[in-house]
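Enquirer: Here is a sequence together with a model predicted from it:
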Amino acid sequence: MRVLVVEDDPRLADLLTRGLTAEGFAVDVERTGTDGLWRAREHPYDVIVLDIMLPGLNGYRVCKELRDAGIWTPILMLTAKDGEFDEAEGLDTGADDYLTKPFSYVVLVARLRALGRRSRNAQPVLLRAGDLVLDPVSRECHRGTTRIDLKAKEFSVLSFLLRHAGEVVTKSEIIDGVWDSAQDPDPNLVEVYVSALRRKIDAPFDRRSITTVRGVGYRLVDR
C-alpha cells in the first residue's frame, strides 16, 4: 500500500517512514503543504497522512484543494491541534480520519489499513489465484490449507502480482508499486524477491504460478 506522509517535523517523518516501511507500506514524504499537494496530484496513493501545521499551505488548504480537484484519496489528518472544532474543520474540508499527537502507533497503522481498504473497495478483500490466497488485513498467505510465512517486502511484491494477476508486469512497474520514490532499487532486486517467492509459494507445491515473460517481466497465473 502506497502512503504519502506530509509532515514538516523531520524526526516524526523519519519515524513514520521507518515504522510504516517495516509494516510493508511504501512511503513517500514531503515536508511542505505545497510539495505535498503537488505530489498527491501527480502520483496515485492509497492513503495520505497529512499534518495541519505545515509551511507553504496548511493541511486544511491541501485537503480542500485535493477534493476540489476531484482527488478522493483517503486522508488521515495527524496534528498537535487538539479540539473538536479543529477536528470538525478537518473533516469538513474532506479528511476521512483524524489523529491527535501524541498518538498510538498501533492505532495509526490500523486506521491506515482501514482507509486503504476503503480506497480499494472495488478490489476483493482477499487476493486469490487458485488456491493461493493473500489476506492484506491479517497479512497472512496460504496455499490451500498451508500457511506460508513471508517477509514484509515479499508480501508487498506478491500483493502487487496478485492485484495484477494474469497481466504481464515489468520490473519497473513492480518497483513503482512496491518501493517508495526515495529509494532507487536495482531492478535485479526484483529478481531476488521473485526467486524467494517461487521458493515459498511454488516449489514446495510443485507449482509454477509466477512465470517469466522473457525480455518483459513477470506474470502470475493460476497454476
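Expert: Perfect, thanks for sending it. Numbering: from 1, shown residues only.

Enquirer: From here on, just use CA atoms for contacts and neighbour counts.
Expert: Fine.

Enquirer: Low-confidence stretches in the protein?
Expert: Low-confidence segments of the chain (pLDDT under 70): 81-90, 118-125, 137, 180-183.

Enquirer: For it, just list every one of the strands.
Expert: Counting by DSSP state E, the chain has these strands, from start to end: 2-6, 26-30, 47-50, 75-79, 97-100, 127-129, 132-135, 140-143, 146-148, 168-170, 210-213, 217-220.

Enquirer: Most tightly packed of the ones you listed?
Expert: strand 47-50 (a mean of 26; mean count of other C-alpha atoms under 10 Å).

Enquirer: what residues does that strand touch?
Expert: 2-7, 59, 73-78, 112, 115-116, 119 (C-alpha atoms under 8 Å, 6 or more residues apart in numbering).

Enquirer: got it, and stretch 207-221?
Expert: Contacts of stretch 207-221 (C-alpha under 8 Å, 6+ apart): 129, 161-162, 164-171, 194, 198, 201-202, 222-223.

Enquirer: let's go with 7 Å and repeat that
Expert: 129, 161-162, 165-171, 198, 202, 222-223 (C-alpha atoms under 7 Å, 6 or more residues apart in numbering).

Enquirer: where's Val6 relative to Val192, distance?
Expert: Val6 sits 32 Å away from Val192, going by C-alpha to C-alpha, to the nearest Å.

Enquirer: do Asp222 as well
Expert: To Val192, Asp222 is 22 Å away according to C-alpha to C-alpha.

Enquirer: quick one: which of the two has more around it?
Expert: Legend: neighbour count by other C-alpha atoms under 10 Å for Asp222 and Val192, higher for Asp222 (14 against 11).

Enquirer: so Asp222 makes contact with Gly130?
Expert: Yes - here Asp222 reaches Gly130: they are 5.1 Å apart, a contact under C-alpha atoms under 7 Å.

Enquirer: Pull up the overlap in contacts between those two.
Expert: With C-alpha under 7 Å, 6+ apart, Asp222 and Gly130 have no common neighbours.

Enquirer: would CSV of the contacts of stretch 207-221 with distance to Asp35 be doable?
Expert: Putting the contacts of stretch 207-221 into CSV (distance: C-alpha to C-alpha, whole Å) gives the following:
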residue, distance to Asp35
Ala129, 39
Leu161, 30
Leu162, 32
Ala165, 34
Gly166, 36
Glu167, 33
Val168, 33
Val169, 30
Thr170, 29
Lys171, 28
Arg198, 39
Asp202, 43
Asp222, 42
Arg223, 44
